[in-house]
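1. the following comprises the amino acid sequence and a computationally predicted model.
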Amino acid sequence: AKVNECKSKQKTVELSIIIPTLNTGQYLGELIEQLLGVKDIKLVEIVVDNGSADNTLTIAQRYEQQHGNVYVFEQARPGAGRARNTGGLWAEGTYMMFLDGDDPINAKCLSSSMGHLRHSQGDLYFNTYNISYVRGNVERKVVGMFDSDLQSWKKHMLDLKRDAFKLINYPWNRIIRRDVFFDNKIFFPNSLVHNDVPYHLMGIADSERIEFGNCALVKHRKFEGTLEQITTKQGTCRNVLEWRTCNEENEGGAIVTIYCCRAVADNTRIQVFDVLGYTIDQLNYRRFFEGRFCSTFFDFLYEIIALG
């Protein structure tokens with residue numbers, strides 16, 4: 001019944017926003033409220049909870065009861081890719097996008113981006129972003145885009161598709177035309193890591209009109225001490241995939257050498273090869289490697305495999 005209601009009410013929707021959630025109760029309300037505050041876009045929020053153990057589902061369902069454009073679904077099997085696919089099934093309207101449940105957005109940037117797309121009718125629209133480093137419940141610092149993305153932005157007028165191909169495979173820094181997504185059968189695999197790679201590359205390959213915006217749409221939170229553990233003593237992390245030395249400025253202004261380790265198990269991270277194999281097959285089918293994109297793709301592979 002909820003699915004039919006969701007579909008019937010979305011006939012006049014411009015933008016469907018899919019939000020996978022897992023234990024994001026501390027932040028989800030902020031994102032939903034920001035989207036509800038956008039009055040100049042006909043949008044729906046589709047929240048897909050991935051088995052949260054905190055109050056995430058309760059918060060989402062409260063908003064669903066209070067607002068007619070918020071829909072909540074429960075995804076029994078874990079994985080952000082599965083949750084995004086589930087939410088995508090119920091997407092309607094001209095455009096769609098995927099956000100993380102713990103990331104705030106810039107409502108004015110979203111409005112201006114959709115205003116531009118109403119005029120241009122573009123297929124894929126990229127926005128800039130900011131990165132927020134959070135330790136515990138404290139936001140330590142906010143920085144702009146990573147250097148690799150910033151370089152693509154500076155020269156994106158030269159070759160839109162190739163420079164978009166070089167961007168980091170974040171799923172939340174873009175708005176995609178819904179028929180591009182569905183007509184080309186783009187989806188997220190079930191891998192626990194890098195499940196956004198096919199969406200990133202296939203979305204670019206299948207889009208004819210690619211555009212770049214200049215406002216930061218998302219402030220992506222990186223939680224220190226979770227996927228990346230930080231310590232002042234090398235050797236304290238377990239299941240270490242990679243050590244790297246980091247320099248950090250402490251509150252007194254001194255530079256302290258710390259050690260960071262990737263704490264995601266190897267048997268999970270190796271799933272990236274399954275994802276890349278599927279993606280390569282799809283890109284071959286699209287004849288994407290005929291021409292100028294081969295070297296760009298190998299650069300992308302290096303970033304994914306060697307740098308993680």
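-> Yep, that arrived.
2. can you pull the contacts of Ala164?
-> By CB atoms under 8 Å, 6 or more residues apart in numbering, Ala164 lies in contact with 124, 126, 152, 156, 204, 210, 212. To be clear about C-beta, it is placed using only N, CA and C from the backbone, and glycine gets the same treatment.
3. rerun at 7 Å
-> Counting by CB atoms under 7 Å, 6 or more residues apart in numbering, Ala164 touches 126, 204, 210.
4. strands - which of these land there?
-> Mapping the contacts of Ala164 onto strands (DSSP state E) picks out 126, 210.
5. which of the residues in stretch 110-118 are buried?
-> For stretch 110-118, burial by neighbour count (16 or more other CB atoms under 10 Å) applies to 110-114, 117.
6. which among those residues gets closest to His220?
-> Leu110 (14.9 Å; CB to CB).
7. ramachandran angles for that closest one?
-> Leu110 adopts backbone torsions of phi -60, psi -40, taken as degrees, to the nearest 10.
8. just checking, it touches Val38?
-> Yes - with contact defined as CB atoms under 7 Å, Leu110 reaches Val38; the gap is 5.9 Å.
9. now tell me which helix or strand of this structure has the poorest mean pLDDT.
-> strand 228-231 (a mean of 34; mean pLDDT, DSSP states H and E).
10. name whatever forms a beta bridge with the residue nearest to Arg174 when sequence neighbours are not counted.
-> Nearest non-adjacent residue to Arg174, counting by CB to CB, 6 or more residues apart in numbering: Phe126, 5.0 Å away. As for beta bridges, Phe126 partners with Arg174, Phe212 under DSSP bridges.
11. you'd agree Lys39 is in a helix?
-> No - counting by DSSP: H, G, I helix; E, B strand; the rest coil, Lys39 falls outside a helix, being coil.
12. tally of neighbours for it?
-> Counted with other CB atoms under 10 Å, the neighbours of Lys39 add up to 9.
13. from Met114, how far off is it?
-> Using CB to CB, to the nearest Å, Lys39 is found at 12 Å from Met114.
14. same check, this time on Ala83
-> Taking CB to CB, one finds Ala83 at 24 Å from Met114.
15. what of Asp163?
-> Going from Asp163 to Met114 by CB to CB gives 23 Å.
16. number of residues surrounding Glu208?
-> 10.
17. and the helices in the stretch 101-250 of the chain?
-> 107-120, 147-154, 160-165, 178-183, 197-205 (DSSP state H, counting those that start in this stretch).
18. most packed of those helices?
-> helix 197-205 (a mean of 23; mean count of other CB atoms under 10 Å).
19. elements contacting that helix?
-> helix 160-165, helix 272-285 (3 or more CB pairs under 7 Å, 6 or more residues apart in numbering; DSSP states H and E).
20. can you redo these as JSON lines with mean pLDDT and distance to Arg174?
-> What follows is the helices and strands packed on helix 197-205, written out as JSON lines (pLDDT from 0 to 100; distance: least, CB to CB, whole Å):
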{"stretch": "helix 160-165", "mean pLDDT": "79", "distance to Arg174": "9"}
{"stretch": "helix 272-285", "mean pLDDT": "77", "distance to Arg174": "17"}
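21. what's the burial count for Gly122?
-> When neighbours are defined as other CB under 10 Å, Gly122 has 22 of them.
22. what does Tyr133 give?
-> Taking other CB under 10 Å as the criterion, the count of residues near Tyr133 is 15.
23. hmm, it is touching His220, no?
-> No - judged on CB under 7 Å, Tyr133 makes no contact with His220 at a distance of 10.1 Å.
24. closest to Asn190 out of the helices of the stretch 101-250 of the chain?
-> helix 197-205 (11.5 Å).
25. put the alpha carbons of that closest one into CSV.
-> The C-alpha trace of helix 197-205 is given here as CSV (Å, rounded to 0.1, in the frame of the first residue of the first chain):
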residue,chain,number,x,y,z
VAL,A,197,31.8,2.7,-8.7
PRO,A,198,29.4,1.5,-11.4
TYR,A,199,27.0,4.3,-10.7
HIS,A,200,29.9,6.8,-11.0
LEU,A,201,31.4,5.5,-14.3
MET,A,202,28.3,4.2,-16.0
GLY,A,203,26.3,7.4,-15.2
ILE,A,204,29.0,9.4,-16.9
ALA,A,205,29.3,7.0,-19.9
